[in-house]
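Asks: output the structure for:
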Amino acid sequence: MYNLNYRINSKILAEYVWQSDKGLKSKSRTLEFEVNRIEDLPKWQYAGGSGEESEFILVPRAVFRDPFRTEKDILVFCDRYLGNGEPHPLNTRAPALKIFEQTEKQVPMFGIEQEYVMTKDGVTPLGFPGSENVSKSVPRPEGPHYCGVGYTNILGRPLAEQHYRYCINAGVNICGINAELLHGQWEYQIGICTGIEAGDHLWVARYIMERLGEEHGIIINYDPKPVEGKEWSASGLHVNFSTHDMREEDGYKNIINGIERLKIHHSTHLQLFGEGNEKRLSGESLEKFTYGVADRSASIRITQDVFDAKKGYFEDRRPASNADPFVVTSALVKAVCLHEEDVPHRKMQVPEAKLETTNQKTGDKRESLRPHHGEDRRVEA
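Replies: So this is what the prediction gives:
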């Protein structure tokens, strides 16, 4: 007779997680040894299914506790390589890592705000007509849902709270959650993370959310414009970014210099910062690059406390909720720290950037890169 307790307790279950062109994927393996370093973990050959590459190699890059299993078990975030050792064409981590290695002395730090929408069918937000829990023909207007309390205002809290706890248990650097403007829309914040870690932690947080969605019968929607119409909020991936020089005394001039560098790359960055982002960013303002103090409608926001302290970080509000954090964070670092012009292009064609500044505190507010729902009503952190 087998000693089942011994078999379970003497082994480690490792869930290998990776990005694919069809979303996140994972598979499990049993390890017969204790894992003390990332180098202890074996690479793993993966044979793609129908419509995928026939074979590639999963290379472990980051390890987290597995919150779905015992405390000994682990999540292993991997990137993909071809049989010849070259990064897979869809491996966005490898080129990002090269950029971070070149800028290591600047110690780039990130805080990322991930907005998402909970749905039952992959499209309709909880609380909207067509969702299981709503029979009305017209959804409730925005307003009460943001940081709201009570069943009439909030849907999906059990999943959001469980995700928060599971990320903490896994060792994901999650620092907060809140309900957003749209019914069924939530946000969690990842950070502060240094360099490549920001992408690792956000992708694992997304994986944990998708897994919990299986248990709750919820499909997570990362569409940057989940509901058509200017009266409904969009979903973004706001990125707070700083370098060592920005965080030093009198670092404000370096913040402004960095923002001016982003202006040069604005058109290219919009192509990199998520699919369908043009639905989220409205009209003529799409082609303009703006920044301002305490202005949530600008491309780049400088918080009031940073302006007062004359050092700190800035917030890039352009990325869409479905953006790849490796692409976004490395593009920011490349533009600000390496002063290069050759960030690769993607699909969406955007006119040449124009620079305009705004300052809500002085009331000087010009046209800016604005979400469809108009001026952002979120409260300052």
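Asks: only C-alpha atoms from now on, for both contacts and neighbour counts.
Replies: Fine.
Asks: distance from the chain centre to stretch 59-75, please.
Replies: Its chain's C-alpha centre and that of stretch 59-75 lie 20 Å apart, by CA atoms, centre = their mean, to the nearest Å.
Asks: who touches it?
Replies: Residues outside stretch 59-75 that contact it (CA atoms under 8 Å, 6 or more residues apart in numbering): 12-17, 38-39, 41-44, 76-81, 166-167, 169-172, 200.
Asks: hang on, residue 111 in a strand?
Replies: Yes: applying DSSP: H, G, I helix; E, B strand; the rest coil, one finds residue 111 inside a strand.
Asks: give the contact list for it.
Replies: 189, 190, 191, 192, 193, 198, 239, 240, 241.
Asks: point out the least confident member of the residues you listed, please.
Replies: For those, the least confident position by pLDDT is residue 191, scoring 92.
Asks: what element comes up after the strand or helix carrying that one heading to the C-terminus?
Replies: Assigned by DSSP states H and E, residue 191 belongs to strand 185-194. Proceeding N to C from strand 185-194, the next assigned helix or strand is helix 197-216, under DSSP H and E.
Asks: the one helix or strand residue 175 maps to pairs with which strands?
Replies: Per DSSP H and E: residue 175 is located in strand 174-179. Using DSSP bridges, strand 174-179 pairs in its sheet with strand 185-194 (antiparallel).
Asks: contacts for the strand it pairs with next, please.
Replies: With CA under 8 Å, 6+ apart, strand 185-194 has contacts from 107-118, 125, 160, 164, 172-180, 198, 201-202.
Asks: what about that strand, distance to the chain center?
Replies: On CA atoms, centre = their mean, the centre of strand 185-194 falls 7 Å from that of its chain.
Asks: try stretch 76-89
Replies: 22 Å.
Asks: could you pull out the strands for the stretch 51-200 of the chain?
Replies: Using DSSP state E, counting those that start in this stretch, the strands assigned to the stretch 51-200 of the chain run over residues 56-65, 74-81, 109-119, 174-179, 185-194.
Asks: just the CA trace of the longest one, in CSV.
Replies: Taking only C-alpha atoms (Å, rounded to 0.1, in the frame of the first residue of the first chain), the coordinates of strand 109-119 have been written out as CSV:
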residue,chain,number,x,y,z
MET,A,109,11.2,51.5,-10.9
PHE,A,110,7.5,50.9,-11.8
GLY,A,111,4.1,50.8,-10.3
ILE,A,112,1.4,49.5,-12.6
GLU,A,113,-2.3,50.0,-12.3
GLN,A,114,-4.2,47.1,-14.1
GLU,A,115,-7.9,47.8,-14.9
TYR,A,116,-10.1,45.0,-16.0
VAL,A,117,-13.8,44.1,-16.3
MET,A,118,-15.6,41.0,-14.9
THR,A,119,-18.0,39.3,-17.3
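Asks: just want the angle from that strand to helix 197-216.
Replies: 20 degrees (axes from the mean of the first three to the mean of the last three CA atoms, to 10 degrees).
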